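# Let's see this in three dimensions:
(2 chains)
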There are 2 protein chains.
Amino acid sequence: MQTLSYSSQPPSPNTPSTPHQQSRNSIRLLSGILAVNILLLGSALVCGAAFSKVKVLSDEEIHIYLTILLILTTAWMIFYMVHTASRTQAVLYKDSHAGPIWLRGGLVLFGMASLIMDVFKTGYSTGKLNCESPVKVTFPLVQLVFVVVQTYFLWVHSKDCVQKQSNITGCGLMLTLATNLMLWMSAVTDESLHQTREEYDSQTHFLPVIILAGRSGCECTHGACEIFEKGFYYLYPFNIEYSLFASAMTYVMWKNIGREIDDCSPHKISFRTKGVVFGVIVGLLVVIAGLGVFVVYEVEVTGDASKERVLIMYYTFCIVGLSLMSLASLAGSVIYRFDKRTVVSTKNPTRSLDVALLLGAALGQFLISYFSIVAIVAEKATRTVSMLNLTCSCLIILQLCLQNLFIIEGLHKQPYHAEPPVVSVVFINEGTSRSNPYSPSLKNDNDEPSPVENSLERSSHSHDFSSTTHSSSSRMSWKRRALKEISGFLLLCNVIFWIIPAFGARPQFENGLEEWVYGFSMWVAIVNIGLPFGIFYRMHSVASLFEVYLTS
Amino acid sequence: MQTLSYSSQPPSPNTPSTPHQQSRNSIRLLSGILAVNILLLGSALVCGAAFSKVKVLSDEEIHIYLTILLILTTAWMIFYMVHTASRTQAVLYKDSHAGPIWLRGGLVLFGMASLIMDVFKTGYSTGKLNCESPVKVTFPLVQLVFVVVQTYFLWVHSKDCVQKQSNITGCGLMLTLATNLMLWMSAVTDESLHQTREEYDSQTHFLPVIILAGRSGCECTHGACEIFEKGFYYLYPFNIEYSLFASAMTYVMWKNIGREIDDCSPHKISFRTKGVVFGVIVGLLVVIAGLGVFVVYEVEVTGDASKERVLIMYYTFCIVGLSLMSLASLAGSVIYRFDKRTVVSTKNPTRSLDVALLLGAALGQFLISYFSIVAIVAEKATRTVSMLNLTCSCLIILQLCLQNLFIIEGLHKQPYHAEPPVVSVVFINEGTSRSNPYSPSLKNDNDEPSPVENSLERSSHSHDFSSTTHSSSSRMSWKRRALKEISGFLLLCNVIFWIIPAFGARPQFENGLEEWVYGFSMWVAIVNIGLPFGIFYRMHSVASLFEVYLTS
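From the prediction side, this is the model:
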């Protein structure tokens, strides 16, 4: 969890804080404390129910708690849409960087999967209504309404910078964030316990209390129960992803409360693929190869005889793909060293958050990779599969580090297409983003800028002129083209490395080594926590690479 | 873990970033990635050794890893002291807020306890040298050198804002931070496993594999082994606290790399107790009562017959103390509502970090309290002890929230003693804190300020004048006196609530309910993670309340 900082967005150093800034800070503090309390109480309930040896706590308490949270959050979102957002001057500004289309699109996609999951869950619980608590039927129904309302809410309002009723809105958004994180926590725990139970079933092992507890003697009254159960466990990962997406968007909205900017018009940069051939072709080849590997993997991995062969094929593909991606990222970073474009680093919370999410989400993959490496090295495994797994894990870490460096550097560069007039527009926007409400919202060109500002402005002008001049020269277009090739190639590769885990490939479990070293339940927990972040990371980096492609 | 943000300290909005700012950001990114990698690899080793069912990994691997980290860190610290810090212009500025005396004092105190622990550990391991790995003797010896070097390093250099060799220094500081966090993680795990073993021993239970694994058939060759073992396990909590203190200080140093400020002279505010009587007397009464309760608790808690009585006494004391503290904090926050002083919110990383540490460290107590509440409510316990424990846990949460609000608001107020000339000094400093190295370091009084700045300056001047005027009037001195009484009272109460857990009272284990609900090993882990943060929180809030007392 991100630590809450009271003054994480300090005002610019040369203005004492305004009452506006003060109230923003106290809203953050109060709503942050609210969220922490909801989350800690929820963690205690989840841990108590999942790991307790005596069954003092059951699933029922968690479901009641979650249902209450869902009802409160849904009520607040409706209140916001009906009352707050419709007031005059409630939403004066929109943050054009917030809620980009890939995030909203992903939200709708995973939201639909969550809806189906909720229908399946309701069907399953209805069949067991005679012997289980009615809360288990109520919960998925309430969640269904919640998912519909929240998806609509975030689709329409994710760009809002709320100015009115900031207190209620701050607490409401933190309630929404906490609810989504609680749903994520509970889904990860459910999924892990379910997988552990299945594993024990398949091995007819001695069953520990913790596993037995999840299985009541309750019989289903209709025949579709088994299908419903299979269905909703298959859809769990999508629901986990949905909660992560909603959390990220809610957090951005919360950060934007009371923010005064007006950059409705993002830089219009046309999307052109002309001249970019090599990177796209190699990228497409990797995608096609990956799809082939994925299909073969899914078909053949269940058979014991073919498993080793399939795993060797899978890891070989990963090693080749990741090596190419690492080399491309490295080449990109080297090109940036010779790139004279100025760096955009105006205060932009969404951009900072983008970078933080990219780095944070990468931790999920890091976690899995390091645990694999330690297991293989400690076990001194010499099987081909293990050696390939080791190489692959090391390459994942290397690739993520290099790609993050490349993307972050790329996102902070001034677009090549920025022409001098655009620069002055940027300065106007920066003027209004000062937190002082009395500052003139438009800077007159006749204003005498301070000597420092003036010199900086001149230097950035000259930079831009020089880059524009360079871009027409053949040497600069060689650099630009290389950057476009690289980002296009990385984009396509990230798509395939997103598809493979998102649609169900789990070599982490087929491999068998790590679960032997760490114990099944621990390894399941690590993979279930790390993998959804990994999937989120790939989607996010596809979007970021697209931006890098456009601005190069 | 705090998520790493590439631009967590964005430059002021109206200046494009300088090369200086860019290099600061890339140093942060690189060194942050380094620390994350060290920590994740370490976590995999610790988890593998502690929770693995098959003993593929043992303590030895962790000790080797830690020894390597300790040697590297020690080498870097010596390199820094001998080479980097002695270069001309390496440390131009000192951050007067960094490394306050309570933090450095605590570091030395806990450092000395850690040294004794290392001596005991070496003695213990020497006795087992015939049958255990020599790494177990090397590790405490290396740690001993490390503690000495690090304590000296942080005592002398914790205020440095390094300007030269920022790359090496950034990575070195992140290495130091990661090493301290690894030591913390390994100590918490060791301590938890040890306690779990003891509990199983005392109950002559069936021993699970995980517990048996910690016990080898290795016999000690000299008689002092048992004393050494008891000694170093008793000193573990101090070592855990030492790592937390060192981590906090290293993190501040890391944040200060490349920072250009020069506020060598903090506001000189004299410490006067004159006129503040009531709060101090009530506070002293609470301290004396607390010491009495603590002594009785420590003496009588071991007997089964007297345990319940002692716990009732302990919880009653806590309830009375915490209620008084909550009321005082609430009263203080109400007084602030009528307080017209301006809010200081100039960009100050150390102040922001202070607040973040206060809020972050409170999470430890929150964690324990919420787990207790859920356990008691779920178990529907009606014993007097359980009801008192429930009340006490709820009050802890309430008290921490109220006290945090009071302290944070207090820390952000302009000191009463600030006279008009001081205000202009503040403005000069703010001028130099701009990240542009070419900006004039001293603002000439003849400079024409911009209209906005001018009006703000005037308004803050007038505020200060009015507060100075008010302070001489009787009404304002009534408010000031009340604030001083409240902060004095809270300070003393926090001292006693620090002493009781710091010197070994663990009602969380005597009580028996939570460990029954969550299972012993889980409850031990929660308490061992949460309690050191709680102790850190109390020390930190004593220091912050002292500052609030001075500025009121």
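# hey, where'd the helices end up in the stretch 401-550 of chain A?
Applying DSSP state H, counting those that start in this stretch to the stretch 401-550 of chain A gives helices spanning A:420-432, A:451-472, A:474-502, A:507-510, A:513-518, A:520-551.
# ok, of those helices, where does mean pLDDT dip lowest?
Here the helices of the stretch 401-550 of chain A differ in mean pLDDT, and the lowest is helix A:420-432 at a mean of 36.
# Strands along chain A, start to end?
A:91-94, A:160-162 (DSSP state E).
# is the first one anywhere near chain B?
No: using Cβ under 8 Å from any Cβ of the partner chain, we find that strand A:91-94 stays clear of chain B, coming within 14.8 Å at best. For the C-beta atoms, the positions are set from N, CA and C on the backbone; glycine is no exception.
# buried sites along that strand?
The neighbour-count check on strand A:91-94 (16 or more other Cβ atoms under 10 Å in any protein chain shown) flags A:91, A:93, A:94 as buried.
# Out of these, flag the one nearest to chain B.
Looking at the buried residues of strand A:91-94 and their distance to chain B, the nearest is residue A:93, at 14.8 Å (Cβ to the nearest Cβ).
# Please tell me I have it right and residue A:235 contacts residue A:115.
No: look at residue A:235 against residue A:115 with Cβ atoms under 8 Å: they stay out of range, at 9.5 Å.
# which regions of chain A sit below the pLDDT cut-off?
By pLDDT under 70, the weakly predicted segments of chain A are A:1-21, A:53-56, A:202-217, A:261-275, A:342-350, A:416-476.
# quick one: contacts for the closest residue to residue A:256 other than its chain neighbours?
Distances taken as Cβ to Cβ, 6 or more residues apart in numbering or on different chains place residue A:161 nearest to residue A:256, at 4.5 Å, with adjacent residues excluded. Going by Cβ atoms under 8 Å, 6 or more residues apart in numbering or on different chains, residue A:161 touches A:91, A:92, A:93, A:94, A:95, A:256, A:257, A:258, A:259, A:260, A:261.
# any idea how far residue A:257 is from the first one?
Separation of residue A:91 from residue A:257 (Cβ to Cβ, to the nearest Å) stands at 11 Å.
# shared neighbours of those two, which are they?
Common neighbours of residue A:91 and residue A:257, counting by Cβ under 8 Å, 6+ apart, are A:161, A:162.
# Do me a favour and get the end-to-end distance for stretch A:45-58?
Distance across stretch A:45-58, first residue to last, is 9 Å (Cα to Cα, to the nearest Å).
# residues of it that come out buried?
Under the neighbour-count criterion of 16+ other Cβ under 10 Å, stretch A:45-58 has A:45, A:46, A:47, A:48, A:49, A:50, A:51, A:52, A:56, A:57 buried.
# can you list those residues in JSON lines and add distance to residue B:311?
Output for the buried residues of stretch A:45-58, formatted as JSON lines (distance: Cβ to Cβ, whole Å):
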{"residue": "A:45", "distance to residue B:311": "25"}
{"residue": "A:46", "distance to residue B:311": "28"}
{"residue": "A:47", "distance to residue B:311": "24"}
{"residue": "A:48", "distance to residue B:311": "22"}
{"residue": "A:49", "distance to residue B:311": "27"}
{"residue": "A:50", "distance to residue B:311": "29"}
{"residue": "A:51", "distance to residue B:311": "26"}
{"residue": "A:52", "distance to residue B:311": "23"}
{"residue": "A:56", "distance to residue B:311": "21"}
{"residue": "A:57", "distance to residue B:311": "23"}
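# filter these down to the ones close to chain B.
Near chain B, taking Cβ under 8 Å from any Cβ as the test, the members of these found are A:45, A:47, A:48, A:51, A:52, A:56, A:57.
# Wait, the fourth one touches residue B:520, no?
No: under the contact definition of Cβ under 8 Å, residue A:51 does not touch residue B:520, with a separation of 11.8 Å.
# returning to that earlier point: of the buried residues of stretch A:45-58, which pair is most distant in space?
The span of the buried residues of stretch A:45-58, defined through Cβ to Cβ, is set by A:46 and A:56 at 13.7 Å.
# ok, back up a step: quick one: closest of the strands of chain A to residue A:511.
strand A:160-162 (45.6 Å).
# roughly how far out does the closest one sit from the chain middle?
Distance of strand A:160-162 from the chain centroid (Cα atoms, centre = their mean, to the nearest Å) equals 21 Å.
# List phi and psi for the residue nearest to residue A:234 when sequence neighbours are not counted.
The shortest distance from residue A:234 to any non-neighbouring residue, by Cβ to Cβ, 6+ apart, is to residue A:504 (7.9 Å). Backbone torsions of residue A:504, given as degrees, to the nearest 10, read phi 110, psi 0.
# Surely residue A:504 is in contact with residue A:301?
No: counting by Cβ under 8 Å, residue A:504 sits too far from residue A:301 to count as a contact (10.2 Å).
# So for these two, which residue has more residues nearby?
More crowded of residue A:504 and residue A:301, by other Cβ atoms under 10 Å in any protein chain shown: residue A:301, with 19 against 11.
# got the contact list for the more buried one?
Neighbour list for residue A:301: A:307, A:310, A:311, A:505, A:510 [criterion: Cβ under 8 Å, 6+ apart].
# What of residue A:322?
A:392, A:395, A:396, A:398, A:399.
# could you redo the last one with a cut-off of 7 Å?
Shown in contact with residue A:322 (Cβ atoms under 7 Å, 6 or more residues apart in numbering or on different chains): A:395, A:396, A:399.
# Could you list which of those residues belong to helices?
Mapping the contacts of residue A:322 onto helices (DSSP state H) picks out A:395, A:396, A:399.
# residue contacts, the last one?
Neighbour list for residue A:399: A:322, A:325, A:326 [criterion: Cβ under 7 Å, 6+ apart].
# Which one of those residues is nearest to chain B?
Set against chain B, the nearest of these by Cβ to the nearest Cβ is residue A:326 (14.5 Å).
# Quick check, the closest one in contact with residue A:404.
No: between residue A:326 and residue A:404 there is no contact under Cβ atoms under 7 Å: 11.7 Å.
# out of the two, which sits in the more crowded spot?
For residue A:326 versus residue A:404, the count of surrounding residues by other Cβ under 10 Å is larger for residue A:404: 21 against 18.
# That one: what's it in contact with?
Listed by Cβ under 7 Å, 6+ apart, the contact set of residue A:404 reads A:358, A:359, A:362.
# repeat for residue A:199
Residue A:199 makes contact with residue A:520 under the criterion Cβ under 7 Å, 6+ apart.
# And it, how close does it get to residue A:303?
According to Cβ to Cβ, residue A:199 and residue A:303 sit 18 Å apart.
# Same question for residue A:200.
According to Cβ to Cβ, residue A:200 and residue A:303 sit 22 Å apart.
# more crowded one of the two?
More neighbours surround residue A:200 than the other of residue A:200 and residue A:303, with 17 against 10 (other Cβ under 10 Å).
# Can you give me the distance of the residue nearest to residue A:256 to chain B?
15 Å (Cβ to the nearest Cβ, to the nearest Å).
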